[in-house]
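K.L.:
Make a model of this:
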Amino acid sequence: MEIIGDVDCIENKLLNELTEVFSSIRLAGQTEVKDLEKSLEIFKTLRHLIYEEMNQLPHEALILKTTKLLQGEFYPSIQIQWLWNPRQSGNKNEPDLQGLDKGNVICSAEITTSQKPQGEINSRMAVVLQKLSIMPGDKYYVVETEEMERRARAKIVSQNYQINVLRL
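P.N.:
Residues are numbered from 1 along each chain as shown. As a prediction, the model looks like this:
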């Protein structure tokens, strides 16, 4: 896991990366296409340029938003050292976000930007919640939609996990 450091600085870095992604999209959109093969080649190139960022940048941004919320509203009087796995690069024993107070883990969070708990996303949610349930500190599962929140709460109750669900 990496130390988060200055959240505002990282948010500016994410904004710059998003600007580059949008620039790639605009550039691809300016290309006039007249046949299927050329259209598909442009599409493949665009997908290659932006696919990973489309998954990772929103995830990173939501981790940072979660960090600000937890620090500001849940742990305002504690000087927390925040650690993260910004590119979903953690191993199976690491959360997306972890807060330390004097070296002790006080919270662990898993963050998802998935919008609907269907199919693989629903299956993955069960695995992630099980993983989170055994992590140290207060536990948070962070989602963006009401559907994901409802499904997560149902899974947590059915398994009797001690996990808080936050919808941001």
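
K.L.:
Tell me the helix or strand right after the host helix or strand of residue 63.
P.N.:
According to DSSP states H and E, residue 63 maps onto helix 36-69. Once helix 36-69 ends, the next helix or strand along the chain (criterion: DSSP H and E) is strand 81-84.

K.L.:
Could you report the separation of the residue nearest the centre of the chain from residue 133?
P.N.:
In the chain, the centroid-proximal residue (CA atoms, centre = their mean) is residue 59; its distance is 2.7 Å. Separation of residue 59 from residue 133 (CB to CB, to the nearest Å): 21 Å. Every residue, glycine included, has its C-beta placed from N, CA and C.

K.L.:
what's near enough to touch the nearest residue to residue 31 once chain neighbours are set aside?
P.N.:
Closest residue in space to residue 31, ignoring its immediate chain neighbours: residue 42 at 5.5 Å, by CB to CB, 6 or more residues apart in numbering. Shown in contact with residue 42 (CB atoms under 8 Å, 6 or more residues apart in numbering): 28, 31, 33.

K.L.:
separation between residue 42 and residue 49?
P.N.:
On the measure of CB to CB, residue 42 and residue 49 end up 11 Å apart.

K.L.:
Pull up the overlap in contacts between the two.
P.N.:
residue 28.

K.L.:
then the top strand by length along the chain to PDB, C-alphas only?
P.N.:
The strand that spans the most residues within the chain, counting by DSSP state E, is strand 104-111. Extracted C-alpha coordinates of strand 104-111, given in PDB (Å, rounded to 0.1, in the frame of the first residue of the first chain):
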ATOM      1  CA  ASN A 104      -2.400   0.900  14.500                       C
ATOM      2  CA  VAL A 105      -5.100   0.200  11.800                       C
ATOM      3  CA  ILE A 106      -8.200   2.100  12.800                       C
ATOM      4  CA  CYS A 107     -10.200   1.600   9.600                       C
ATOM      5  CA  SER A 108     -10.300  -0.400   6.400                       C
ATOM      6  CA  ALA A 109     -12.400   0.400   3.400                       C
ATOM      7  CA  GLU A 110     -13.200  -1.200   0.100                       C
ATOM      8  CA  ILE A 111     -14.500   1.100  -2.600                       C
END
